[in-house]
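# Sharing a model that was predicted from the sequence below.
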Amino acid sequence: NFHSVAPLIFHFAIYIRPVSKLIPRGGSDTTAVMAEEKAGMSGAVKLLIGAGGIYGAFLYYGSLQEDVFRYTAADGSTFKEAWFLQVLEALANVIIGFVGMQLTGPTKGIPMQMFAISGASQVTAKACTSLALANGLSFPVATLAKSGKMAPVMAGSLLLGGASYSVREYLQVAAIIGGTAIVSMGKKKGGGSSSSAMGVTYIILSLVLDGVTAGFQKRLKTETAKVGVKPKPYDFMFWTNLYMCLTAVVVATALGELSTGLSFCTENPEIFSKIIKFAVCSAVGQSFIFYTIANFDPLILSTVTTTRKIFSVLLSIFLKGHSLSLTGWSGILLACGGILSEMQAKMSGSKKAHGH
């Protein structure tokens, strides 16, 4: 299965990369020129591999996630076990993270406490997104809402003081939130308002937890720097997902979701294959993210993941039969405009930083 091997192949690519630099300059000129050409060519090829991998894995991931929560069994029941889903997703990431960590060599002396806290808040944020979908929030609305991550970060910074934002930043966040609200109101399908209200509550909770997770991840970086340890990408992937998995197992067991989730999957093998593919896509996508981080500026990754969200929304609308009114489409344009403006601001900021 190519999916399971892909991350390993590409991680080897990262470690093969510096070899061209080892060719002695005093040797054959043609060898040096060939190495230079190869290095020049590989930049574009690497971007194609990284971006292509992220797009492929996460576009399919989003589509599968929507399929899982829209699935209706023969008896009319639907899949609601969000924590059971998180157990399987985190487990797939733990396996690939472990293999990657063994290949690149594990880092010793990592402070575990912050990994555990950030893993627990991260898995809860993801479970809330799944619960929003399980409670009737449509996939395009949920995905657009999750793009407004800056909102809780800005709110937190303003409440705690010491932060000031430009008018443009306020407008970007307002465009994403406003656009998302317009899309949810511009849907042609009627009914399900109470479950959708529940869905909105879960997606807001998920956004708040994203803000909390970002704070914990900053703390994690300072804690590791304090003890003089620099974890590698696969260390992050393995340890974060291990604590995510453990948290999900505890919550799923407490809620009885392990047994109900398993019985739903055995009765409906069709959904189980979707869940397995969903978990594998998550782990493969993570590996491509790390591959992109290892080879490019973080801004390139941010651009790829941001545009991927927009494509996910459009794919969902066209392929999954979401009927939108003209109002709904104006909301999509407004939200996407806010997302792209945020991305462009990051790019011009990065250029200024490089210019100084």
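That came through fine. Numbering: from 1, shown residues only.

# and Val99, how many neighbours?
Around Val99 sit 19 other residues, with neighbours defined as other C-beta atoms under 10 Å. All C-beta spots, glycine's among them, are computed from the backbone N, C-alpha and C.

# Can you tell me which helices and strands the host helix or strand of it packs against?
Element membership of Val99 [criterion: DSSP states H and E] is helix 82-104. The helices and strands touching helix 82-104, judged by 3 or more C-beta pairs under 8 Å, 6 or more residues apart in numbering; DSSP states H and E, are helix 2-16, helix 112-134, helix 233-254, helix 257-267, helix 269-295.

# tell me the contacts of the closest residue to Ala82 other than its chain neighbours?
Once flanking residues are discounted, Ala82 sits nearest to Ser130: 3.7 Å by C-beta to C-beta, 6 or more residues apart in numbering. With contact set as C-beta atoms under 8 Å, 6 or more residues apart in numbering, Ser130 has these partners: 65, 69, 82, 85-86.

# Would you point out the most distant pair within those residues?
Phe69 and Gln86 (13.2 Å; C-beta to C-beta).

# Among those two, which residue is more densely surrounded?
Between Phe69 and Gln86, counted using other C-beta under 10 Å, Gln86 has the larger neighbour count: 26 against 23.

# Which residue is the nearest non-sequential neighbour of that one?
Ala248 (4.0 Å).

# so that neighbour makes contact with Ala127?
Yes: with contact defined as C-beta atoms under 8 Å, Ala248 reaches Ala127; the gap is 7.2 Å.

# which residues are in contact with both of those two?
83, 86.

# Any stretches of the stretch 101-250 of the chain with poor pLDDT?
Applying pLDDT under 70 to the stretch 101-250 of the chain flags the ranges 156-157, 160-163, 186-195.

# what about 90?
For the stretch 101-250 of the chain, the stretches flagged by pLDDT under 90 are 104, 107-115, 118, 136-197, 200, 208, 210-236.

# picking up where we left off before, just the buried positions in the helix holding Val99, please.
Using 16 or more other C-beta atoms under 10 Å as the test for burial, helix 82-104 gives 82-101, 104.

# how much space between Met112 and Glu257?
The gap separating Met112 from Glu257 is 26 Å, by C-beta to C-beta, to the nearest Å.

# Comparing the two, which residue is more hemmed in?
Between Met112 and Glu257, counted using other C-beta under 10 Å, the more crowded position is Glu257 (22 against 12).

# Distance check, that one against Ser166.
Taking C-beta to C-beta, one finds Glu257 at 44 Å from Ser166.

# for Gly285, same thing?
Distance of Gly285 to Ser166, given as C-beta to C-beta: 32 Å.

# quick one: Cys245 and Val87 touch, right?
Yes: at 6.3 Å, Cys245 counts as touching Val87 under the criterion of C-beta under 8 Å.

# Of Gly285 and Ser166, which one has the most company?
Neighbours per residue (other C-beta under 10 Å) separate Gly285 from Ser166, with Gly285 holding more: 22 against 9.

# nearest spatial neighbour of the more buried one, skipping sequence neighbours?
Ala57 is the one closest to Gly285 (C-beta to C-beta, 6+ apart), at 3.4 Å.

# any idea which element the one you found lies in?
Ala57 belongs to helix 29-70, assigned by DSSP H and E.

# Now that helix: average pLDDT?
The pLDDT scores in helix 29-70 average 76.

# And for stretch 332-344?
84.

# got the buried residues for that stretch?
332, 334-336, 338-343.

# Is it possible to get TSV of these that adds secondary structure and distance to Leu48?
Shown next, in TSV, are the buried residues of stretch 332-344 (DSSP: H, G, I helix; E, B strand; the rest coil; distance: C-beta to C-beta, whole Å):
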residue	secondary structure	distance to Leu48
Ile332	helix	28
Leu334	helix	31
Ala335	helix	28
Cys336	helix	24
Gly338	helix	28
Ile339	helix	23
Leu340	helix	22
Ser341	helix	26
Glu342	helix	25
Met343	helix	20
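
# Next one: Cys245 from Ala90, what distance?
Separation of Cys245 from Ala90 (C-beta to C-beta) stands at 4 Å.

# Now for those two: what residues contact both?
Common neighbours of Cys245 and Ala90 (C-beta under 8 Å, 6+ apart) are Val123.

# In JSON lines, list the helices and strands packed on helix 82-104 along with distance to Lys226.
Putting the helices and strands packed on helix 82-104 into JSON lines (distance: least, C-beta to C-beta, whole Å) gives the following:
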{"stretch": "helix 2-16", "distance to Lys226": "27"}
{"stretch": "helix 112-134", "distance to Lys226": "11"}
{"stretch": "helix 233-254", "distance to Lys226": "16"}
{"stretch": "helix 257-267", "distance to Lys226": "38"}
{"stretch": "helix 269-295", "distance to Lys226": "22"}
